[in-house]
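>>> got a predicted structure here, sequence first:
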Amino acid sequence: MCNFQFYAPTKVIFGKDTENQVGSLVAGYKCRKVLLHYGSGSVKKSGLLDRIKASLDQEKISYVELGGVVPNPRLSLVREGIALCKKEGVDFLLPVGGGSVIDSAKAIGYGVANDFDVWDIFEKKNQPKACLPIGVVLTIAAAGSEMSNSAVITNEDGWKKRGSNSDTCRPKFAIMNPELTMTLPAYQTRCGCTDILMHTMERYFTNKGGNMEITDSIAEALMRTVVHNALILEEKPNDYAARAEIMWASSLSHNDLTGCGNGGNDFATHRLEHELGGMFDVAHGAGLAALWGTWARYVYKDCLPRFKKFALNVWNLPASGSDEEIALKGISATEDFFRQIHMPVNMKELGINPTDEQIAELAKKCAITTGNNLGSAKVLHEEDMKKIYEGAR
């Protein structure tokens, strides 16, 4: 077992109609003005935004709005939000949406609370000293940003997609009503389920000598639960129980619980996808699915015990054959699941066809961003990254 720290300060309010509590929750922070932050307008069409405003009005809390967040949230809107917050005296952020909206709010919170350019945080040139307090009304189960210390932003200047981690941005509370996810298009639900799995697998596949049985068991149960309920949602998209299981799994997959004591922090597939998403603006979950199988086959021999355990305990495959054969069957089972939920397992299925020059650029950018030293299952360098991108075409 490896040493670890676990910090999860976010208060979770889970269940039906919990969004109606947002006013009283925000009132507890004695704020002067709230920024309501959201995406393309679905929160308006569904009536959710009106319910949230009514709850804030009841507590006599003033607010301003900023919509327009898109998948792979943009730095330009973050800068617009920072300027708006400073102009209006905003001191509390309330993102209403999924991971992109929450990440955008976190970046805005950084920009208001620190005296340097916000992009410096994502370029690792500076560390955030503070962040405006954030509360979340979650509408998409996927990124886990509602309980995590991470945020990912895309800079349109060079289309750089970069992440940052700081406990200062962890939300104060997260309202989670599984009913709010029922209006999602099937594609978003599928991408979300993929991202949840990946957040757990990135911690599970480690070569650092950690093997904390309780942590592994939690991770394996979470992965089995996501697989089971993702398949239910293919047939019954309004199944409340399945939506609830997926929504809670989203939070647990990325609040660091599933990596405690095992030293797991690979995140190679995520970092590889960040470059792909930055260049081609693909949906994050789909990009992860398109890369994972190639990554897994590239690294599994260096992390064979974990891949074997994954095959046996997550996919319930028989313990017959060599360790390598069992590991490869587990990788194939994962890809078969992605196909079952209509996720791509390569770039062609993702709908992109990078040129050799673009592949080289992707690998170079990823190497620069990661210090040419990426991964825990197997340490990857620029040439390794290039081979994985090439193999995933």
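In hand now; what should we look at?
>>> okay, strands next: where are they in the protein?
Here the chain has its strands, by DSSP state E, at 11-14, 33-37, 62-66, 92-97, 135-138, 150-155, 160-165, 173-176.
>>> the nearest residue to Ile140 once chain neighbours are set aside and Leu197: what is the separation?
Setting aside the residues directly before and after it, Ile140 is nearest to Gly98 in space (Cβ to Cβ, 6 or more residues apart in numbering), at 2.8 Å. For every residue, glycine as well, the C-beta is placed using N, CA and C. To Leu197, Gly98 is 16 Å away according to Cβ to Cβ, to the nearest Å.
>>> quick one: low-confidence residue ranges for the stretch 151-300 of the chain.
209-210 (pLDDT under 70).
>>> am I right that the residue nearest to Ile140 is in contact with Ala142?
Yes - counting by Cβ atoms under 8 Å, Gly98 does reach Ala142; the two are 5.8 Å apart.
>>> anything in contact with each of those two?
Common contact partners of Gly98 and Ala142 (Cβ atoms under 8 Å, 6 or more residues apart in numbering): 188, 192.
>>> so what does the longest helix anywhere in the chain touch, helix or strand wise?
When the chain is parsed with DSSP state H, its longest helix is helix 213-235. Using 3 or more Cβ pairs under 8 Å, 6 or more residues apart in numbering; DSSP states H and E as the contact test, the elements touching helix 213-235 are helix 186-204, helix 240-253, helix 304-313, helix 323-340.
>>> and that helix with helix 304-313, angle?
50 degrees (axes from the mean of the first three to the mean of the last three Cα atoms, to 10 degrees).
>>> just to revisit the earlier point, among the helices and strands packed on helix 213-235, which is nearest His270?
Counting by Cβ to Cβ, His270 lies closest to helix 186-204 out of the helices and strands packed on helix 213-235; the figure is 6.0 Å.
>>> relative to the whole chain's centre, how far out is stretch 331-341?
Averaging C-alpha positions (Cα atoms, centre = their mean, to the nearest Å) puts stretch 331-341 20 Å from its chain's average.
>>> from here on, count from 23
Okay, residue one is now 23; in that scheme the one you just asked about reads as stretch 353-363.
>>> Asp360: neighbour count?
Not Asp; residue 360 is Phe. Using other Cβ atoms under 10 Å as the criterion, Phe360 is surrounded by 24 other residues.
>>> could you do Phe28 as well?
Phe28 has 10 neighbouring residues, counting by other Cβ under 10 Å.
>>> what of Val304?
22.
>>> any idea how far Ala196 is from it?
With distances taken as Cβ to Cβ, Val304 is found 27 Å from Ala196.
>>> contacting residues for the residue nearest to Ile162?
61, 160-165, 167, 210, 214.
>>> is it possible to get JSON lines of the residues you listed that adds distance to Gln27?
Formatted as JSON lines, the contacts of Gly120 follow (distance: Cβ to Cβ, whole Å):
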{"residue": "Gly61", "distance to Gln27": "33"}
{"residue": "Leu160", "distance to Gln27": "25"}
{"residue": "Thr161", "distance to Gln27": "30"}
{"residue": "Ile162", "distance to Gln27": "28"}
{"residue": "Ala163", "distance to Gln27": "26"}
{"residue": "Ala164", "distance to Gln27": "25"}
{"residue": "Ala165", "distance to Gln27": "22"}
{"residue": "Ser167", "distance to Gln27": "20"}
{"residue": "Gln210", "distance to Gln27": "33"}
{"residue": "Gly214", "distance to Gln27": "28"}
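>>> pick the one among the residues you listed closest to Lys370.
Closest approach between these and Lys370, by Cβ to Cβ: Gln210, at 21.8 Å.
>>> from what I see, that closest one and Ile162 are in contact.
Yes - between Gln210 and Ile162 there is a contact at 6.4 Å, judged by Cβ under 8 Å.
>>> same drill for those two, tell me which one is more crowded.
Ile162 (25 against 19).
>>> and the contacts of Gly120, which of them are buried?
61, 160-165, 167, 210, 214 (16 or more other Cβ atoms under 10 Å).
>>> quick one: the longest helix of the chain to helix 208-226, angle?
In terms of direction (the same axes, to 10 degrees), helix 235-257 departs from helix 208-226 by 170 degrees.
>>> and the contacts of helix 235-257?
By Cβ under 8 Å, 6+ apart, helix 235-257 touches 208, 211-212, 215, 218-219, 222-223, 225-226, 261, 264-265, 267-268, 271, 274-275, 279-284, 331-332, 335-336, 359, 362-363.
>>> need the buried ones from those residues selected in PyMOL.
Remark: buried members of the contacts of helix 235-257, expressed as a PyMOL selection using 16+ other Cβ under 10 Å:
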select buried, resi 211+212+215+218+219+222+223+225+226+261+264+265+267+268+271+274+275+279+280+281+282+283+284+331+332+335+336+359+363
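>>> contacting residues around the most centrally placed residue in the chain?
Among the residues of the chain, Ala165 comes closest to the average C-alpha position under Cα atoms, centre = their mean, at 2.7 Å. Going by Cβ under 8 Å, 6+ apart, Ala165 touches 120-122, 124-125, 214, 217, 272, 276, 306.
>>> compare those residues and tell me which is most surrounded.
Ile124 (32 neighbours).
>>> contacting residues for that one?
Contact analysis of Ile124 by Cβ under 8 Å, 6+ apart lists 117, 156, 158, 160, 165, 167-168, 173, 193.
>>> for these, which one is nearest His292?
Closest approach between the contacts of Ile124 and His292, by Cβ to Cβ: Ala165, at 10.9 Å.
>>> hmm, back to that, make CSV from the strands of the chain and add distance to Val134 to it.
Below are the strands of the chain laid out as CSV (distance: least, Cβ to Cβ, whole Å):
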stretch, distance to Val134
strand 33-36, 22
strand 55-59, 9
strand 84-88, 13
strand 114-119, 9
strand 157-160, 15
strand 172-177, 14
strand 182-187, 15
strand 195-198, 19
